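**Student:** Sharing a sequence plus its predicted fold:
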Amino acid sequence: MTKGRKATVADSKTGTLRRRGTLNSRADRVVDPLFVDSDFFDARDLVQAKYEMLRRVRADGQSITHSAAAFGMSRPTFYEAQAALQRGGMAALVPRKPGPRRAHKLDTEVMDYLEGLRSEDPSLRAADLAARVLERFRRKVHPRSVERALARREKKRR
């Protein structure tokens, strides 16, 4: 493979890792010998780095402090990764998407209120409903979020 081709492949992999949320932002801190100048081990791959960090402790008997430092991670990160691996295997090492896991602003109480408003006046637009939520519950929600939440609720009823 030519030098230019290697750079293109590396850039492509970096983009893929970034899109999937598995790009190791601290790849430059990985000093483990296997990851230095290796075609197989890639410090940019967060899942691979975490797994190898855990394996070093379990299989090779390396200390947690030494292993975490060699992979540019903290001890708390080690323990979190260890628990995730025990709980869900390799797939659990893949970071979850950032952001809320549920509709924390449009909870059941707010949704019941919105449906009541809609049943009284079906002509109310999402922007009007969002304004009413702000007025009553002091929660700022985007009109599109209101539309989506109402559509989800309607879909569940069917």
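**Tutor:** Cool, the structure landed. Numbering: from 1, shown residues only.

**Student:** Pull out the buried positions in stretch 28-37.
**Tutor:** Burial within stretch 28-37, assessed by neighbour count using 16 or more other Cβ atoms under 10 Å, is assigned to Val30, Asp32, Phe35. C-beta here means a position set from N, CA and C on the backbone, and glycine is covered the same way.

**Student:** How much space separates the residue of the chain positioned farthest from its centre from Tyr113?
**Tutor:** Ranked by distance from the centre of the chain (Cα atoms, centre = their mean), the top residue is Glu120, with 39.6 Å. As judged by Cβ to Cβ, to the nearest Å, Glu120 and Tyr113 stand 11 Å apart.

**Student:** pLDDT on stretch 149-158, on average?
**Tutor:** Averaging pLDDT along stretch 149-158 yields 87.

**Student:** For it, what is the distance to the chain centroid?
**Tutor:** 26 Å (Cα atoms, centre = their mean, to the nearest Å).

**Student:** State the helix or strand in which the nearest residue to Lys140 once chain neighbours are set aside lies.
**Tutor:** Computed as Cβ to Cβ, 6 or more residues apart in numbering, the closest residue to Lys140 that is not its neighbour in sequence is Leu134, at 5.5 Å. Taking DSSP states H and E as the criterion, Leu134 maps to helix 126-137.

**Student:** Give me the buried stretch members for that helix, please.
**Tutor:** For helix 126-137, burial by neighbour count (16+ other Cβ under 10 Å) applies to Ala126, Leu129, Ala130, Ala131, Arg132, Val133.

**Student:** Start and end of stretch 103-112, how far apart?
**Tutor:** Start-to-end span of stretch 103-112 (Cα to Cα, to the nearest Å) is 14 Å.

**Student:** tell me the centre residue of the chain?
**Tutor:** Geometric middle of the chain (Cα atoms, centre = their mean) lands on Lys97, at 2.3 Å.

**Student:** before we move on, the earlier item: gap between the residue nearest to Lys140 and Asp45?
**Tutor:** To Asp45, Leu134 is 44 Å away according to Cβ to Cβ.

**Student:** Next SSE downstream of the least confident helix or strand in the chain by mean pLDDT?
**Tutor:** Here the helix or strand of the chain ranked lowest by mean pLDDT, DSSP states H and E is helix 3-20, holding a mean of 74. Sequence-wise, the next helix or strand downstream of helix 3-20 (DSSP H and E) is helix 46-60.

**Student:** what's the closest non-adjacent residue to Thr14?
**Tutor:** Arg44 (6.1 Å).
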